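Engineer: build me a structure from this.
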Amino acid sequence: MSEVLTTGWESGLPAEDSLTRRFVLAYADRITAMAERTGGRQAWAAGARMVDLRSPFGYDNAVVVTRPLFGDEWTAVLDAAGAFYPPDRWWVLLSVFPTPGLAGLVPVGHPPLMLRVPAPFPPAPSGLEIRPVRDATTLADFEAVLVEAYGLAEVGAPAIADLTLAGSLLHLRVGYVDGRPVATAGSAVHHGVVEVDWVASVVRRRGYGAALTAAVAGVAPELPSVLIASDDGHGVYRRLGYLDLFRTTMWEHPPS
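Structural biologist: Presented below is the predicted three-dimensional model:
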């Protein structure tokens, strides 16, 4: 009788089986917890988790593929997502696995998944003050930087602009220079990794985005941190010591 080797994605396998599995489950659990706290919606499909935070910003409303899918399984996931989201909702699909062409969705790209092992970070730039989001004022500053940096003024406030998420679930930070908010970042800790997100800066090439990344990755300095890099941030993260693991695949259902 031949031995059956694990694929690393069986349903009962511990999250700790691999760093990739940790990231996938951490991301899925984080967006699910955000939905639970903000009155959003969530649903399971075979091999995917879907969350609708009712946000005008599509990256808040996500389908996360949680294991390799084959053949008609992709069709089933797309059908489930089509039934789950309102027709005019902007949402994205994130997969760490290769995908076929997905009818009805628009390819976003293949942003890299990056890893940093526990190690000291360089000091923040002189004159930058980093504050945690703990009240309406710091939350409004966090939102204002995100909206400006990502060009969301015509879209609306992202789902992150909710105090019920700050502190225990999400570790949000705002960077200030001379009292002006200039940069943001956030993180969540699940399954033994620090998942970094919402890195933004409205003042470029001053090291502010890197400093905010370090601040939120450092909420659990004994753990590795992971993030999905944008084209603009890729070089910044490399200089901070993040390593490229592989490229993910992202699709979107744009707003109608």
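Engineer: just the CA trace of the helix or strand containing R30, in PDB.
Structural biologist: R30 belongs to helix 19-38 when assigned by DSSP states H and E. What follows is helix 19-38, C-alpha atoms only, in PDB (Å, rounded to 0.1, in the frame of the first residue of the first chain):
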ATOM      1  CA  LEU A  19       3.800  29.900   6.400                       C
ATOM      2  CA  THR A  20       1.600  30.100   3.300                       C
ATOM      3  CA  ARG A  21      -1.200  28.300   5.100                       C
ATOM      4  CA  ARG A  22      -0.800  30.600   8.100                       C
ATOM      5  CA  PHE A  23      -1.100  33.600   5.800                       C
ATOM      6  CA  VAL A  24      -4.200  32.400   4.000                       C
ATOM      7  CA  LEU A  25      -6.000  31.500   7.200                       C
ATOM      8  CA  ALA A  26      -4.900  34.600   9.000                       C
ATOM      9  CA  TYR A  27      -6.200  36.800   6.100                       C
ATOM     10  CA  ALA A  28      -9.500  34.900   6.000                       C
ATOM     11  CA  ASP A  29     -10.000  35.000   9.700                       C
ATOM     12  CA  ARG A  30      -9.100  38.700   9.900                       C
ATOM     13  CA  ILE A  31     -11.600  39.800   7.300                       C
ATOM     14  CA  THR A  32     -14.200  37.500   8.900                       C
ATOM     15  CA  ALA A  33     -13.700  39.100  12.300                       C
ATOM     16  CA  MET A  34     -14.000  42.600  10.700                       C
ATOM     17  CA  ALA A  35     -17.300  41.600   9.300                       C
ATOM     18  CA  GLU A  36     -18.500  40.300  12.600                       C
ATOM     19  CA  ARG A  37     -17.600  43.500  14.400                       C
ATOM     20  CA  THR A  38     -19.000  45.900  11.800                       C
END
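Engineer: just checking, which helix or strand succeeds that helix along the chain?
Structural biologist: strand 41-45.
Engineer: contact partners of that following strand?
Structural biologist: Here strand 41-45 makes contact (C-beta atoms under 8 Å, 6 or more residues apart in numbering) with 32, 35-36, 49-52, 54, 63, 76-77, 80-81, 84. From N, CA and C alone the C-beta is placed, and that goes for glycine too.
Engineer: could you list which of those belong to helices?
Structural biologist: Among these, the ones falling in helices (DSSP state H) are 32, 35-36, 76-77, 80-81, 84.
Engineer: select only the buried ones of these in ChimeraX?
Structural biologist: In ChimeraX syntax, the buried subset of the ones in helices among the contacts of strand 41-45 is picked out as below (16 or more other C-beta atoms under 10 Å):
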select :32,35,77,80,81,84
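Engineer: biggest separation within the ones in helices among the contacts of strand 41-45, which pair?
Structural biologist: E36 and A76 (24.9 Å; C-beta to C-beta).
Engineer: which single one of the ones in helices among the contacts of strand 41-45 is nearest to G58?
Structural biologist: So of these, ranked by how close each gets to G58 (C-beta to C-beta), first place is A81, at 12.6 Å.
Engineer: V182 and D232, how far apart?
Structural biologist: 15 Å (C-beta to C-beta, to the nearest Å).
Engineer: the biggest strand by length in the chain: how far from the chain's middle?
Structural biologist: Scanning the chain for the strand with the most residues, using DSSP state E, yields strand 180-190. Strand 180-190 sits 12 Å away from the centroid of its parent chain (C-alpha atoms, centre = their mean, to the nearest Å).
Engineer: in it, what counts as buried?
Structural biologist: 181-190.
Engineer: residue boundaries of the strands in the stretch 151-256 of the chain?
Structural biologist: 171-177, 180-190, 193-201, 225-228, 243-247, 249-253 (DSSP state E, counting those that start in this stretch).
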